[in-house]
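Participant: Show me how the following folds:
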Amino acid sequence: MRRFVSMKQFEETLHEGFRIVLSVSSILYHEKTSHQELIIFDNPIMGRVLALDHVIQTTSRDEYIYHEMLVHPALVSCHCWRHHVGDSSPIDVLVIGGGDGGTVRELLRYPSTHVVMVEIDRSVIDLCRRYLPDHSLGAFENERLHVDIADGASYVKECGKTFDVIIVDSTDPIGPGEALFGEEFFTHSKHLLKEGGIFVNQNGVSFLQGDSIKRTHHVLKRLYRAHRFYQACVPSYVGGVMMFAWGSDMALHGRWTRAQRKAAQERSAVGPMRHYTPDVHQASFVLPMDCPI
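Facilitator: Numbering: from 1, shown residues only. Predicted structure coming up:
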């Protein structure tokens, strides 16, 4: 049973037989929305914490690692591809989930991006804007962002638009996020990608969610010519490194020429980051022997 241990402790029990307990300095918000149970509290180490259905989603201390690594490998690679084919048109990005605003914040650092964000739960957006404003940093007021409150699995099935990049910033494959890890969702997403398009999702932690990673790998192998995983260490997500799935029919991902890297950096003009670098990008695609795939 997932629950608060007390008003002074938060217990996450996402993994059977493996529990995480965080001390609670103060509870800022706690309610059952129409889709999930939402809790926002302060912790002396991780800062402000958002949990959905008693699973930690993001913290103010380390969110930048997750969001930079979810967004920038795909966006910089997309810029490399555009430079390669001589295309200077805007980059259209679809984000499924991501209601805390961190993903769209990073995307909108690129002047050429236009973003459609599909979030199932309006409460997540509203409450994160109030209690975690540094996640979005005003991104929800940006005219290059369009927000749809809708089910992501249904959206990709019915959407008539195409995109250069699709980023799935979802919860774990339980509750509202379960449908976003199925073969049907991955297949419909593939159909929405333009030539050279890139699909990225978060796929859990390698040591404790290996079965999910294997299932995703099996589907991506069938759908994409270039199917990869890359990794990042995000302290909030305990149980091995965080794995990100990558699917594209474009060969580029981490292996750029010096000229491509320079062109991508000049065109993106995103400014300094806290975690992501070109070297981190390339190294993140090198997986250890004990990786589940």
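Participant: just how off-centre is the one helix or strand V71 maps to within its chain?
Facilitator: Assessed by DSSP states H and E, V71 sits inside helix 63-85. Computed by Cα atoms, centre = their mean, to the nearest Å, the separation of helix 63-85 from the middle of its chain amounts to 12 Å.
Participant: Show me which strand runs longest in the protein.
Facilitator: strand 193-205 (DSSP state E).
Participant: tell me which strands and helices it is in contact with?
Facilitator: Here strand 193-205 touches helix 63-85, strand 163-169, helix 183-191, helix 210-223, strand 242-248, going by 3 or more Cβ pairs under 8 Å, 6 or more residues apart in numbering; DSSP states H and E. Heads up, the C-betas are built off the backbone N, CA and C, glycines and all.
Participant: if you set the cut-off to 6 Å instead, what comes out?
Facilitator: Judged by 3 or more Cβ pairs under 6 Å, 6 or more residues apart in numbering; DSSP states H and E, the packing partners of strand 193-205 are helix 63-85, strand 163-169, helix 210-223, strand 242-248.
Participant: which ones are touching the most centrally placed residue in the chain?
Facilitator: Centroid-nearest residue in the chain, with Cα atoms, centre = their mean: D169, separated by 3.3 Å. Going by Cβ atoms under 6 Å, 6 or more residues apart in numbering, D169 touches 97-98, 103.
Participant: so which of those comes closest to L52?
Facilitator: Minimum distance to L52 across these is 10.5 Å, recorded for G97 (Cβ to Cβ).
Participant: per-residue confidence at the closest one?
Facilitator: Here, the pLDDT recorded for G97 equals 96.
Participant: Also D121?
Facilitator: D121 is assigned 94 on the pLDDT scale.
Participant: Just send the helices and strands packed on strand 193-205 back as TSV, with mean pLDDT too.
Facilitator: What follows is the helices and strands packed on strand 193-205, written out as TSV (pLDDT from 0 to 100):
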stretch	mean pLDDT
helix 63-85	89
strand 163-169	97
helix 210-223	94
strand 242-248	95
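Participant: Let's have those in CSV, adding distance to E141.
Facilitator: Formatted as CSV, the helices and strands packed on strand 193-205 follow (distance: least, Cβ to Cβ, whole Å):
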stretch, distance to E141
helix 63-85, 18
strand 163-169, 19
helix 210-223, 34
strand 242-248, 28
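Participant: one step back: among the contacts of D169, who's most crowded?
Facilitator: In terms of neighbours by other Cβ atoms under 10 Å, the contacts of D169 top out with G98 at 31 neighbours.
Participant: which phi and psi does that one have?
Facilitator: phi 80, psi 30 (degrees, to the nearest 10).
Participant: Against Q231, how distant is it?
Facilitator: 20 Å (Cβ to Cβ, to the nearest Å).
Participant: residues in contact with the longest strand of the chain?
Facilitator: 74, 81, 162, 164-168, 189, 212-213, 216, 237, 239-240, 242-248, 250.
Participant: For the buried ones among these, write the corresponding PyMOL selection.
Facilitator: Burial among the contacts of strand 193-205 is assessed by 16 or more other Cβ atoms under 10 Å; the matching PyMOL selection reads:
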select buried, resi 74+81+164+165+166+167+168+189+212+213+216+237+239+240+242+243+244+245+246+247+248+250
